[in-house]
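> sequence and predicted model, in that order:
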Amino acid sequence: MAAFTVDQVAIGYSNTLIIDDLSVSIPEGKITTIIGPNGCGKSTLLKAVSRILKTKSGAVYLDGHAIHKLGTKEVARQMAILPQTAEAPSGLTVFELVSYGRFPHQNGFGSLKKEDYNYIEWAIEVTGLQEFKNRPIEALSGGQRQRVWIAMALAQDTKILILDEPTTYLDLAHQLDILLLLKRLNEEEGRTIVMVLHDLNHASRFSHYMIAMKDGALITEGTPEKVMTCSNLQSVFNIEASIATCPFSANPICFSYQLCQR
């Protein structure tokens, strides 16, 4: 069953078309990762899926409904979004920014309820931000800020999480922390997670499903075993890859690679 479906969409900016006639379904209750070279349309696709960017043709369907026809709060109760670049208003503390994740569940300008505080505290705890809770966002490092945005998305408590490069700015240990957290949310709570990652091995290790794009087109999709092949990586990235098996997931990983001869 699909969490949402992308049906023959064309997406672009002004008169520049980035994606044309792309169709793909995102499986419900799974972790799906989109891979591809810079500028191939990965983030553009996520923006259309999350209703940030309107399609020029075609449609994105959430639970059978065209997403651009749904109300903002209605979408926000089902889908939390972490964009590639996010800027917080000046002067906000970690707690205040994470609390914004509860906005879709509030009526008008209602104050936070006990349930809201519980979700906020939980999101701060699982992202390892307890000691920074009362600090202003601008006093944090890039990696710490990234974790705050992830905490805000988690506090939103949606069945779908959409994350554009969630491990950006994070060191190796914190990258793994975040990916293991997403895996746990998927396994224990059945959340559908869709993300863009540049690290192919992370994408393969933590995904049930992968989508490979190039030049705004879908090249291949399927399980990591189907997508992470030498021929696919050559088609998508123009590399000659050596494929091995991840000892932690048994999924294929790119052991090493070199550029294809031009």
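Ah, there it is.
> so which residues of the stretch 101-250 of the chain form helices?
With DSSP state H, counting those that start in this stretch as the criterion, the stretch 101-250 of the chain has helices at 114-126, 142-155, 172-189, 200-206, 224-227, 230-237.
> among those, which is nearest residue 11?
With C-beta to C-beta, the closest approach to residue 11 among the helices of the stretch 101-250 of the chain belongs to helix 230-237: 19.2 Å. Where C-beta positions appear, they are placed from N, C-alpha and C, glycine not excepted.
> list the buried ones in the closest one?
232, 233, 236, 237 (16 or more other C-beta atoms under 10 Å).
> what's the closest of the helices of the stretch 101-250 of the chain to residue 41?
Comparison of the helices of the stretch 101-250 of the chain against residue 41 by C-beta to C-beta identifies helix 230-237 as nearest, at 12.2 Å.
> mind checking how far that closest one is from the chain centre?
23 Å (C-alpha atoms, centre = their mean, to the nearest Å).
> how about the buried residues of helix 230-237, which pair is most distant?
Spatial extent of the buried residues of helix 230-237 (C-beta to C-beta) is set by the pair 232 and 237 at 9.0 Å.
> spit out the residues that contact those two alike.
Common contact partners of residue 232 and residue 237 (C-beta atoms under 8 Å, 6 or more residues apart in numbering): none.
> and the gap between residue 248 and residue 56?
Shown here: residue 248 relative to residue 56, a distance of 41 Å by C-beta to C-beta, to the nearest Å.
> and those two? Which one has more around it.
Neighbours per residue, other C-beta atoms under 10 Å: of residue 248 and residue 56, the larger number sits with residue 56, 15 against 9.
> the more buried one contacts residue 14, doesn't it?
No - using C-beta atoms under 8 Å, residue 56 is not in contact with residue 14, being 10.5 Å away.
> for the stretch 151-262 of the chain, give me the ranges with low pLDDT.
Under the criterion pLDDT under 70, the flagged ranges of the stretch 151-262 of the chain are 262.
> rerun at 80
Across the stretch 151-262 of the chain, the ranges flagged by pLDDT under 80 are 169, 261-262.
> strands of the chain, residue ranges please.
For the chain, the strands defined by DSSP state E occupy 2-13, 16-27, 31-35, 57-62, 65-66, 79-82, 160-164, 192-196, 209-214, 217-222, 239-245, 252-259.
> sheet partners, orientation included, of the fourth one?
Yep, that's strand 57-62 we're talking about. When pairs are called by DSSP bridges, strand 57-62 turns out to pair with strand 2-13 (antiparallel), strand 65-66 (antiparallel).
> could you do the last one as well?
Strand pairing for strand 252-259, determined by DSSP bridges: strand 239-245 (antiparallel).
> before we move on, back to that, please name whichever of the strands paired with strand 57-62 is nearest to residue 90.
Comparison of the strands paired with strand 57-62 against residue 90 by C-beta to C-beta identifies strand 2-13 as nearest, at 27.8 Å.
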